[in-house]
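Chemist: Structure for the following, please:
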Amino acid sequence: MDTTLALPLLYGLICIALLFDFLNGLHDAANSIATIVSTRVLRPQYAVAWAAFFNFIAFLFFGLHVAETIGTGIVNAQIVDAQVIFGALCGAIVWNLITWGLGIPSSSSHALVGGILGAGTAKAGVAAIVWGGLGKTLAAIVLSPLVGMLLALLLVLIVSWCFARQTPFKVDSTFRWLQFVSASFYSLGHGGNDAQKTMGIIAVLLYSQGLLQGAFHVPYWVVLSCQLAMGLGTLFGGWRIVHTMGSKITRLTPMQGFCAETGGAITLFMATWLGVPVSTTHTITGAIVGVGAARRASAVRWGVAGNIVIAWVVTLPAAALVAALSYWAVGLFG
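Modeler: Model (predicted):
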């Protein structure tokens, strides 16, 4: 492809990718701040600023393994072109806007994966799929909320045993301060895993245009711009989803909020180091369910949790369908 002729289209697609990253931060702000807001440790406007800062600096703490998985591990990078990228981003953005408008905490990550799959297979069929990378991503759909739930449940039990002789007031005061730490770690994990997905999209686009020298890699300017876009999106928050995550699933105390955020952060750290693009939404929801179930099973509003799970199941195929339709629509006018 003539890269000179493609430059206006290339810049436009990069802007669309950064828009997706911004919407990812907007949509998933609840993942970072729902617990610290619902426990009234921080007001929403301060909580989003806190989360946005740690979203932005996450690149200082993690490698770029997730970006490499998204760029080359879902569909074959050789079949990727501007039309595939446009279709993938359309699928992810449209589904994000629908679920954000409805206040449903669906997965931006799996919307993007679904978008890549839909547009990639629309172009080259199932032969384009990299089954190894897709397999670990699909496994993470199930494992990330389960791991988050189990870790949060275990942390509640450990903390409850350690503070058994403390007064409720003392426990509450202690964990109000500790929630600043746990929320910071979770926001780091969120920024480290989620921003890398857009990095992978932009990097594979540049690779397809012959603008990356040597092997596939993520340029530094792409890293900074994606972290900044996500941080700005988080600043605007997603208040309807905060309400669903922070209070509709179960009522949280500061101690429970700390355990949920810490369990979720550990899960995200492990996934990011392994290069697995997990859903931060799935992870924190599983952790919140875990802390609620530790108190008693009836403390969890299972109907609300069930509706969230349905949204998770629908996300990937719905985004894939929109992406495939977008790919074909561009072909009609191309």
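
Chemist: I'd like the mean pLDDT over stretch 79-89, please.
Modeler: In this model, stretch 79-89 has a mean pLDDT of 91.

Chemist: could I have that stretch exported to CSV, CA atoms only?
Modeler: The C-alpha coordinates for stretch 79-89 follow below in CSV (Å, rounded to 0.1, in the frame of the first residue of the first chain):
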residue,chain,number,x,y,z
ILE,A,79,-4.4,-9.8,6.9
VAL,A,80,-4.9,-6.6,8.8
ASP,A,81,-5.5,-3.5,6.8
ALA,A,82,-7.3,-0.1,7.3
GLN,A,83,-10.7,-1.6,6.5
VAL,A,84,-10.2,-4.4,9.2
ILE,A,85,-9.1,-1.9,11.8
PHE,A,86,-12.1,0.4,11.0
GLY,A,87,-14.5,-2.5,11.3
ALA,A,88,-13.0,-3.7,14.6
LEU,A,89,-13.2,-0.2,16.1
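
Chemist: How about residues contacting that stretch?
Modeler: 1, 6, 9-10, 13, 16-17, 20, 75, 112, 115-116, 118-120, 122-124, 128, 201, 204-205, 207-209, 323-324, 326-327, 330-331, 334 (Cβ atoms under 8 Å, 6 or more residues apart in numbering). In this view, the C-beta of every residue, glycine as well, is placed from N, C-alpha and C.

Chemist: could you flag which of the residues you listed are buried?
Modeler: For the contacts of stretch 79-89, a burial check counting by 16 or more other Cβ atoms under 10 Å picks out 6, 9-10, 13, 16-17, 20, 75, 112, 115-116, 118-120, 122-124, 128, 201, 204-205, 207-209, 323-324, 326-327, 330.

Chemist: Which of those residues fall in strands?
Modeler: Among those, no member falls in strands (DSSP state E).

Chemist: How far does the secondary structure element (helix or strand) that residue 270 belongs to sit from its chain's centre?
Modeler: Taking DSSP states H and E as the definition, one finds residue 270 inside helix 254-274. Relative to its parent chain, helix 254-274 has a centroid offset of 13 Å by Cα atoms, centre = their mean, to the nearest Å.

Chemist: Which SSE is immediately downstream of the helix or strand where residue 174 lies?
Modeler: Per DSSP H and E, residue 174 falls inside helix 168-208. Using DSSP H and E, the helix or strand that follows helix 168-208 in sequence is helix 220-236.

Chemist: now the angle from the helix holding residue 270 to helix 168-208?
Modeler: 20 degrees (axes from the mean of the first three to the mean of the last three Cα atoms, to 10 degrees).

Chemist: For helix 254-274, what does the pLDDT average out to?
Modeler: Mean pLDDT, helix 254-274: 92.

Chemist: What's the first helix or strand after it?
Modeler: Going down the chain from helix 254-274, the next helix or strand is helix 280-295, by DSSP H and E.

Chemist: Just the CA trace of that following helix, in PDB.
Modeler: The C-alpha coordinates for helix 280-295 follow below in PDB (Å, rounded to 0.1, in the frame of the first residue of the first chain):
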ATOM      1  CA  THR A 280     -11.300  -5.300  34.200                       C
ATOM      2  CA  THR A 281     -15.100  -5.200  34.500                       C
ATOM      3  CA  HIS A 282     -15.400  -9.000  34.900                       C
ATOM      4  CA  THR A 283     -12.500  -9.000  37.400                       C
ATOM      5  CA  ILE A 284     -13.900  -6.300  39.800                       C
ATOM      6  CA  THR A 285     -17.400  -7.700  39.500                       C
ATOM      7  CA  GLY A 286     -16.200 -11.100  40.500                       C
ATOM      8  CA  ALA A 287     -14.300  -9.600  43.400                       C
ATOM      9  CA  ILE A 288     -17.300  -7.600  44.600                       C
ATOM     10  CA  VAL A 289     -19.400 -10.800  44.500                       C
ATOM     11  CA  GLY A 290     -16.700 -12.600  46.500                       C
ATOM     12  CA  VAL A 291     -16.700 -10.100  49.400                       C
ATOM     13  CA  GLY A 292     -20.500 -10.100  49.400                       C
ATOM     14  CA  ALA A 293     -20.700 -13.800  49.500                       C
ATOM     15  CA  ALA A 294     -18.100 -13.900  52.300                       C
ATOM     16  CA  ARG A 295     -20.700 -12.200  54.500                       C
END
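
Chemist: picking up where we left off before, from the contact counts, what lies against the helix holding residue 270?
Modeler: helix 3-38, helix 65-72, helix 131-162, helix 168-208, helix 280-295 (3 or more Cβ pairs under 8 Å, 6 or more residues apart in numbering; DSSP states H and E).

Chemist: By mean pLDDT, show me the worst of these.
Modeler: Of all the helices and strands packed on helix 254-274, helix 3-38 has the smallest average pLDDT, which comes to a mean of 77.
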